[in-house]
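Enquirer: sequence and predicted structure below; questions after.
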Amino acid sequence: MLQAVGGWIDRLGAIWVEGQIAELNSRGRMSYLTLRDPIANASVRVLCETSVLRRQGTPPGPGDRVVVHAKPDFYQLKGTFSLRAREIRHVGIGELLARLEQLRRTLTAEGLFAPERKRPLPFLPNTVGLVCGRDSAAERDVLENGRRRWPAVRFEVRPVAVQGDRATREVIDALRELDAHPEVDVIVIARGGGSMEDLLPFSDEALVRAAAEAATPVVSAIGHEQDTPLLDHVADVRASTPTDAAKKVVPDVGEQLEIIRQLRDRGRRVIKGGLDREFTWLSGIRSRPVLADPVRETERLMDQVLEARDRARRSLTISLDRAADELRHTEARLHALSPATTLARGYAIVQREDGSVVRSATEPAVGESLRLRFAEDGLTATVDSVDALDGPTEEEPETREPRTSGRATKSGSRRTASKKASPSKKAASKKTAESKKAAEPEAGGTGTDGDTTTENITEGE
């Protein structure tokens with residue numbers, strides 16, 4: 001079977017193979033190369049005369065991408081396949097750039113370089129993961145600058161190959177290991193400057209996708225300012241150099257102390273200003289008369305209260321005196337207008353048995369019983385007759401007091417009892433009538449204008 005395979009390979013003609021030189025060993029007249037395809041992750045052994053390498057102006061070395069014109073060769077005893085190179089050429093820079101640009105466009109279309117995917121770095125990371133070459137200048141720059149800025153910072157360093165065919169795989173493995181570390185808060189991938197061919201592993205599609213999948217923020221610090229591998233586009237933060245990466249990842253303790261000092265001074269000024277304003281306000285309050293001399297202010301208020309009390313007392317006394325005078329005047333008027341006062345002056349009120357007042361001598365009928373009410377007592381009389389009065393008699397003088405209430409009635413007739421009284425009783429009745437002529441009776445009473453004479457008068461009924 002090996003013979004069949006060897007025979008089939010021997011019949012093949014020369015072919016062109018493109019790849020990256022992973023290893024290069026020269027032994028006398030012969031040189032041995034390992035050509036690697038980083039995308040397919042495959043490699044093949046190439047043999048050539050050393051003179052083939054020397055034909056190039058710049059002999060190719062490890063990490064260079066080359067195109068090899070070679071004849072396939074199969075060693076049947078060991079069953080190994082190799083290429084015997086007849087010509088080796090450097091791959092043109094323009095072609096490399098075109099391939100990188102095509103890969104960049106593809107990854108951009110997938111959204112791996114979108115700004116919204118970028119994650120902010122922690123202010124003070126607990127532990128910083130560092131992927132770099134073993135004992136490289138990039139490692140020293142990151143460690144020294146990081147510890148100078150923040151002495152307490154901790155690092156987890158993973159040394160890897162940063163060029164050659166093993167670089168991409170080792171960087172990916174270190175990245176994934178640090179991403180799984182529970183205390184690592186940020187990962188820095190650092191490498192010093194070099195040619196574009198030296199930095200090709202950091203534009204590898206597999207590494208770019210691994211950085212995009214990492215849960216921990218990634219900082220790319222590859223080469224110098226002018227170097228921009230694809231890892232710079234996918235990283236959360238790009239640093240121009242490893243030193244710049246240390247500045248971006250770790251805060252400066254001096255700057256932070258200065259910020260704290262400024263904030264402390266600002267807080268002190270704010271507090272002092274607030275206290276000064278409060279003291280000024282308190283001084284203004286204390287300077288007011290009520291607080292500056294509270295006893296005098298209290299005495300002034302007491303004087304005002306006493307003065308107001310005296311004014312109120314005088315006003316109340318005047319009001320009470322005025323009310324008392326009005327009450328006395330009202331009482332006097334009521335007393336003057338009272339029917340009892342009129343009756344006390346000698347007038348009488350004539351009422352029927354039902355209590356209605358007789359206002360005229362013509363109102364009661366002959367024989368009707370009437371009640372005469374005086375100031376202190378009364379009597380009952382019977383109407384015998386009605387006598388007309390043409391004018392005043394000797395016993396009934398013309399002069400009389402005016403009516404006070406309008407309840408006394410004037411009568412132009414004189415009533416005489418049906419039974420004649422004895423002379424002595426007539427004289428007594430006449431004398432009583434004369435005593436009542438001095439004042440006008442109330443409404444319903446009998447006065448000088450009309451008399452009712454009765455016979456057999458019974459007092460106290």
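Expert: Arrived safely, thanks for sending.

Enquirer: packing partners of the helix or strand encompassing residue 174?
Expert: Applying DSSP states H and E as the criterion places residue 174 in helix 167-180. Packing partners of helix 167-180 (3 or more Cβ pairs under 8 Å, 6 or more residues apart in numbering; DSSP states H and E): strand 127-133, strand 155-160, strand 184-191, helix 205-213. In this view, the C-beta of every residue, glycine as well, is placed from N, C-alpha and C.

Enquirer: kindly calculate the angle that the longest one makes with strand 184-191.
Expert: In terms of direction (axes from the mean of the first three to the mean of the last three Cα atoms, to 10 degrees), helix 205-213 departs from strand 184-191 by 150 degrees.

Enquirer: next secondary structure after helix 205-213?
Expert: strand 218-222.

Enquirer: which residues are in contact with the helix or strand following that following strand?
Expert: Remark: after strand 218-222, the chain's next helix or strand is helix 230-234, criterion DSSP H and E. Identification of contacts with helix 230-234 by Cβ atoms under 8 Å, 6 or more residues apart in numbering yields 100, 103-104, 107-108, 112-113, 189, 202-205, 207-208, 211-212, 218, 220, 222, 238.

Enquirer: let's see it at 10 Å
Expert: 100, 103-104, 107-108, 112-114, 117-118, 171, 189, 191, 199-205, 207-214, 218-223, 238-240 (Cβ atoms under 10 Å, 6 or more residues apart in numbering).

Enquirer: may I have the helix holding residue 174 exported as CSV, CA atoms only?
Expert: Output of helix 167-180 as CSV, limited to C-alpha atoms (Å, rounded to 0.1, in the frame of the first residue of the first chain):
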residue,chain,number,x,y,z
ALA,A,167,2.1,31.7,19.1
THR,A,168,-1.6,31.7,18.2
ARG,A,169,-2.5,28.5,20.0
GLU,A,170,-0.6,29.4,23.2
VAL,A,171,-2.1,32.9,23.3
ILE,A,172,-5.6,31.5,22.9
ASP,A,173,-5.0,28.9,25.7
ALA,A,174,-3.6,31.5,28.1
LEU,A,175,-6.5,33.8,27.3
ARG,A,176,-9.1,31.2,28.1
GLU,A,177,-7.3,30.1,31.2
LEU,A,178,-7.2,33.7,32.6
ASP,A,179,-10.8,34.3,31.6
ALA,A,180,-11.9,31.3,33.7
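
Enquirer: report the inter-axis angle for it versus strand 127-133.
Expert: Going by the same axes, to 10 degrees, helix 167-180 makes 170 degrees with strand 127-133.

Enquirer: what are the buried residues along helix 167-180?
Expert: 167, 168, 169, 170, 171, 172, 174, 175, 178, 179 (16 or more other Cβ atoms under 10 Å).

Enquirer: same thing with stretch 364-371?
Expert: By 16+ other Cβ under 10 Å, the buried positions in stretch 364-371 come out as 364, 370, 371.

Enquirer: tell me the one of these nearest residue 283?
Expert: Checking those against residue 283 with Cβ to Cβ, the nearest one is residue 371 at 93.7 Å.

Enquirer: my guess is the closest one contacts residue 349, does it?
Expert: Yes - taking contacts as Cβ atoms under 10 Å, residue 371 lies within contact range of residue 349: 8.6 Å.
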